[in-house]
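Visitor: The following block contains a protein sequence and its predicted model.
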Amino acid sequence: PARGSGQPALGGARILLVEDNPTNQVVARGVLEPAGALVTVAENGQQAVDLVRAAPDAFDLVLMDVQMPVMDGFEATRILRQQLGLRIPILAMSAGVLDTERSRCVECGMDGFIAKPVDYAQMLAAIAGHLHAGAAPGQARSPAPAQA
């Protein structure tokens, strides 16, 4: 039974939240952390690139706002993919629901798209789906030990 398993939806996943809006940061953390995620916040794409460059294996998934000052999500994703070789899922978060923006997300190497205003149940489901898609059972890079 999924409900009674006691395992948080995102059990120990290390998520890099790239979001310049302080209110959105607080709200996203308020959804992700109770679901079991360990959240690190970057306020723009440049901070995200710097964090990943400093610790390439520190994160399991990136939530990337698209429109930000300093460096936007498209440019940051291109650098993470092409220069740093990051292979973990990167999900765009954007109010832009136009097909052109979605195709730009795919072109720069993003794996999915979460529309703003965010439906947090859908966001958690999308994150969980991407986290589990890349990991074979028993092979998840989670700090939680297997039950003895």
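Guide: Sure thing, it's come through.

Visitor: Now do the same for residue 8: its pLDDT.
Guide: For residue 8, the pLDDT comes out at 69.

Visitor: for residue 28, that is, sorry about that
Guide: The model's pLDDT for residue 28 equals 94.

Visitor: A helix includes it, no?
Guide: Yes - the assignment for residue 28 is a helix, going by DSSP: H, G, I helix; E, B strand; the rest coil.

Visitor: Excluding covalently adjacent residues, which one is nearest to it?
Guide: Distance criterion Cβ to Cβ, 6 or more residues apart in numbering; nearest residue to residue 28, sequence neighbours excluded, is residue 17 at 5.5 Å. From N, CA and C alone the C-beta is placed, and that goes for glycine too.

Visitor: What is the three-state secondary structure of the one you found?
Guide: Relying on three-state DSSP, one would call residue 17 strand.

Visitor: Run a quick check on it versus residue 41, I expect a contact.
Guide: Yes - taking contacts as Cβ atoms under 8 Å, residue 17 lies within contact range of residue 41: 5.0 Å.
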